[in-house]
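Engineer: coordinates for the following, if possible.
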Amino acid sequence: MFSLFYGLWKYLFSKTEFHVLILGIDKAGKTTLLEKLKSVYLNLEGLPPDRIVPTVGLNIGRIEVSNTKFVFWDLGGQPGLRSIWEKYYEEAHAVIFVIDAACPSRFEDSKSALEALSAEELAQYLDIKKLDERVYMFEAASAFDGMGIKEGVEWLVEVMERSKRTETLRIRAGITGPN
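Structural biologist: Prediction:
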């Protein structure tokens, strides 16, 4: 009887949790974006951009948007740290790839980092062969003033709720039915 009530409680009150990777080359603005996400959605003052140091490893941020929890994994973008990115793909629902538009001289570095994995490796980690198509969006956003942040997150919620990848990860986690 307890498990029936627990299951009903979980179905009614638990929130969907999405894991999102924030990737990009070093000093592209990944941690600044994470801090802005926290300040916009948690009403907390994030670190000012001039106090953010390069990420060595991982920063984690958690926010809630309506009935959805996000866990953002901000991974270091130095060339030596990019090899750990693939370790996080298996549990990720989405990837945000940050490119600093104010620094066009580094666009080629960003392109190379994005292409660091072969298509086959990426398809394996993200189960892309099981998907009908990849969904993506380019969003102009500013981690300084917040422009485009809410629009991008709203798009993520909408797309991830109906994604086959999300359903696969829910089944793997033992969560059934819409949350």
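Engineer: tally of neighbours for Glu151?
Structural biologist: Here the count is done by other C-beta atoms under 10 Å, and Glu151 has 13 residues near it. (Glycine included, C-beta is placed from N, CA and C.)
Engineer: return the residues in contact with it.
Structural biologist: Contacts for Glu151 were tallied using C-beta atoms under 8 Å, 6 or more residues apart in numbering; they are 139, 141.
Engineer: could you rerun that using 7 Å?
Structural biologist: Glu139 (C-beta atoms under 7 Å, 6 or more residues apart in numbering).
Engineer: for it, give me the pLDDT.
Structural biologist: Here, the pLDDT recorded for Glu151 equals 93.
Engineer: try Glu161
Structural biologist: Here, the pLDDT recorded for Glu161 equals 78.
Engineer: with Ala102 instead?
Structural biologist: Looking at Ala102, its pLDDT is 85.
Engineer: how about the secondary structure of it?
Structural biologist: Put simply, Ala102 is coil when judged by DSSP: H, G, I helix; E, B strand; the rest coil.
Engineer: what about Met147, how many residues nearby?
Structural biologist: Met147 sits with 13 neighbouring residues when counted by other C-beta under 10 Å.
Engineer: so what's it up against?
Structural biologist: Met147 makes contacts with Ala141, as judged by C-beta under 7 Å, 6+ apart.
Engineer: so Asp100 touches Arg106, yeah?
Structural biologist: Yes: counting by C-beta atoms under 7 Å, Asp100 touches Arg106, with 6.5 Å between them.
Engineer: looking at this structure, which helix or strand is least sure?
Structural biologist: Of all the helices and strands that make up the chain, helix 119-126 has the lowest average by mean pLDDT, DSSP states H and E, namely a mean of 57.
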